[in-house]
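Undergrad: next come a sequence and a model predicted from it.
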Amino acid sequence: QDVGILAVTLPRHGGDGSGRIIGYEFLVGGGLGFSHTKENTYPRLGTPLYFVQRDEIWPLLEAVIKIQRDYGERNDRKQARLKYTLDRLGETRFRELVREYAGRDFPPASGIAPVAQPDYLGWHAQQQPGKWYVGIWVENGRIRDMEDKGFRFKTGLKTVIERFRPSIRITPHHNIILAGIAERDRDAVQACLDQFGLPTDKGISTLRRMEMACPALPLCPLAQSESERVMPEFMRGLEEAGHGDAEVVFRMTGCPNGCARSSTSEIGLIGKGPGRYVLLVGGEYNGTRLNVPLDEKVRHEEVVPLISGLLTLWKEHRQDGERFGDWSWRMGVEKLREMLGRTGK
Ligand code: SF4
């Protein structure tokens, strides 16, 4: 995001055990969109600038918006994002301007980064005694009945919501949480989910739990390639090749706008024309490092063998407990291309 506000909480297990919010990390200049043909566009992670309390957020936000209003690019739309303004001004000047516009300074960033990205699938006890929530897996965010695959997702979701009236959340992984379910209703809710084939945390490969793809064709006019419609085919191919157990964040988008955060995934595919993708590796599991292009011209039919080859190399060469993103980052794309026999262009 141009501006990101991350709530920092005390751990539920440890600290005072309350899980209460102790402040907000204020990040500026994030944005994953770029253009394949414009070298002065690029994905960028937000820079943590301040750590503030709730009543400081508004004056800080107002100052940042005014800086973008007065210093943001107005002629070239591709450069009209806060990330480019921040890079052009530099962090020191940006902080000076914040001080000038807000009439005060703010405490520096805490440096606290996300430590996990749970998918919330399956059943979990809530803080409130006797209440449960269940995370339901929605492949790439598409809610529809798929009789041929044994899912009646739309009908099932409608039925369970009408019958049990849970509160509803949508997760950053495109999944759905039904919350506030009473202990006495748990079995009945699960029976209803089973009746319509709604998957929770069972019966889905680890690889598929972590996948995400944007809508792309035929829904998005900006799409350069397929995404959501072909991701299940890639998943199936990788599962058949024996990689269903891989705990790897794999995301795909039909263009570089990054709606499914393909630039921060451990494996990313970004559309670059019909049936052609850029393959990226080396992102950090928690999304705190951008990935880098490994191969700029991957044809549709090459995707599964290429990624399968990479996952096999990772399993053979990783250090103990080393995640795919960290391994591929450590190896570097030159070395990986050599191992795969690809030129990358
Ligand atoms: S990332 Fe996907 S949904 Fe977003 S603009 Fe590109 S094709 Fe469309």
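TA: Looks like it arrived, so ask away.
Undergrad: what about the residue of the stretch 1-150 of the chain at minimum distance from the ligand, which SS state?
TA: The minimum distance from the stretch 1-150 of the chain to the ligand, using CB to the nearest ligand atom, falls at G33 (8.1 Å). All C-beta spots, glycine's among them, are computed from the backbone N, C-alpha and C. Judged by DSSP: H, G, I helix; E, B strand; the rest coil, the three-state class of G33 is coil.
Undergrad: distance of it relative to S265?
TA: 15 Å (CB to CB, to the nearest Å).
Undergrad: between these two, which has more neighbouring residues?
TA: Between G33 and S265, counted using other CB atoms under 10 Å, S265 has the larger neighbour count: 29 against 19.
Undergrad: residue contacts, the closest residue to the more buried one other than its chain neighbours?
TA: Once flanking residues are discounted, S265 sits nearest to R251: 3.9 Å by CB to CB, 6 or more residues apart in numbering. Contact analysis of R251 by CB atoms under 8 Å, 6 or more residues apart in numbering lists E211, M212, A213, A260, R261, S262, S265, I267, G268, L269.
Undergrad: so R251 bridges to which residues?
TA: M212, G268 (DSSP bridges).
Undergrad: any figure for the gap between it and M146?
TA: For R251, the distance to M146 - CB to CB - is 22 Å.
Undergrad: what ranges do the helices span in the protein?
TA: 54-71, 82-89, 91-102, 153-164, 186-196, 206-209, 231-240, 303-317, 324-331, 333-340 (DSSP state H).
Undergrad: closest to L217 out of the ones you listed?
TA: Minimum separation from L217 across those (CB to CB) falls at helix 231-240, 12.1 Å.
Undergrad: and that closest one, what's buried?
TA: M231, P232, F234, M235, G237, L238, E239 (16 or more other CB atoms under 10 Å).
Undergrad: OK, contacts around the spatially closest residue to K202 that is not a sequence neighbour?
TA: In space, K202 comes closest to G122 once its chain neighbours are excluded; the distance is 7.5 Å by CB to CB, 6+ apart. By CB under 8 Å, 6+ apart, G122 lies in contact with V134, G135, T200, D201, K202.
Undergrad: among these, which ones are buried?
TA: V134, G135, T200, D201.
Undergrad: tell me who's in contact with the last one.
TA: D201 makes contact with L121, G122, G135, W137, R209, according to CB under 8 Å, 6+ apart.
Undergrad: next one: phi and psi at the first one?
TA: Meaning L121. As for L121, its main-chain torsions (degrees, to the nearest 10) stand at phi -70, psi 150.
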